[in-house]
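Undergrad: Sequence first, then the predicted structure, then my questions.
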Amino acid sequence: MDSPQEVTELLLAWEQGDESALERLLPLVEKELRLIARSYLRKEGPGHVLQTTALINEAFIKLVDQRVHWQNRAQFFGVAATCMRRVLLDYAKAQGRKKRGGDWEQIALSDAPPIPVEESEELLALDEALKKLEKQDKRKSRIVELRYFGGCTVEEVAEILEIAEATVAREWRMARAWLRRELGA
């Protein structure tokens with residue numbers, strides 16, 4: 001990957017309406033977006049319908065529609081990770097609707113693929129817990145989103161949120177403890 005400064009400059013140019021900046025940006029960030037997408041999909045378990053490229057494409061469609069004042073490379077990857085999370089949540093919700101009878105299609109039981117329902121339910125439970133945490137403390141919720149889903153380091157989260165690294169580390173520990181209690185694990 002080229003320099004973080006180059007990525008930041010292209011983000012700012014894209015924000016100013018330079019469409020060619022977006023075209024030059026994509027090859028620079030694609031490798032890291034693939035790493036984030038693979039990380040998400042590993043957590044989904046085997047047999048997930050979405051593949052890495054499809055997740056990146058779906059997330060990128062959401063990302064392009066975002067109205068963001070781009071500050072730096074770390075913020076971009078944080079927003080991209082959030083978009084990927086939302087794509088997976090939309091998918092999990094759709095699977096839940098199908099599980100309860102929506103879009104029924106008759107097929108032979110022997111032809112039915114295994115559906116990893118447990119992973120979808122766990123993701124939905126985590127999303128509900130994060131929504132509760134966000135109501136109590138938006139910053140802790142954002143830290144969890146950036147660290148867990150975005151794969152950002154403590155340093156990158158501190159840069160994105162413009163707070164001290166020690167604050168990020170402390171609130172990350174507190175948020176994880178809160179989530180463990182909330183999810184009963």
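TA: In hand now; what should we look at? Numbers count the residues shown, from 1 in each chain.

Undergrad: need the strands for the chain, in chain order.
TA: With DSSP state E as the criterion, the chain has no strands.

Undergrad: Show me the shaky parts of it.
TA: For the chain, residues meeting the criterion pLDDT under 70 lie at 1-2, 45-48, 96-120, 185.

Undergrad: can you rerun that using 80?
TA: Across the chain, the ranges flagged by pLDDT under 80 are 1-4, 42-50, 64-67, 92-124, 149-151, 185.

Undergrad: Do a quick rundown of the helices in it.
TA: Assigned by DSSP state H, the helices in the chain fall at 4-15, 19-44, 52-65, 73-99, 117-136, 138-144, 154-161, 165-183.

Undergrad: For those helices, please prepare CSV with the additional fields mean neighbour count.
TA: All C-beta spots, glycine's among them, are computed from the backbone N, C-alpha and C. What follows is the helices of the chain, written out as CSV (neighbours: other C-beta atoms under 10 Å):
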stretch, mean neighbour count
helix 4-15, 17
helix 19-44, 16
helix 52-65, 16
helix 73-99, 19
helix 117-136, 15
helix 138-144, 20
helix 154-161, 19
helix 165-183, 15
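
Undergrad: Let me know whether residue 41 touches residue 53 as I believe.
TA: No: using C-beta atoms under 8 Å, residue 41 is not in contact with residue 53; the gap is 10.8 Å.

Undergrad: and the gap between residue 76 and residue 122?
TA: For residue 76, the distance to residue 122 equals 28 Å [C-beta to C-beta, to the nearest Å].

Undergrad: oh, I was asking about residue 41
TA: Residue 41 sits 14 Å away from residue 122, going by C-beta to C-beta.

Undergrad: Ok, residue 71 next?
TA: Residue 71 sits 32 Å away from residue 122, taking C-beta to C-beta as the criterion.
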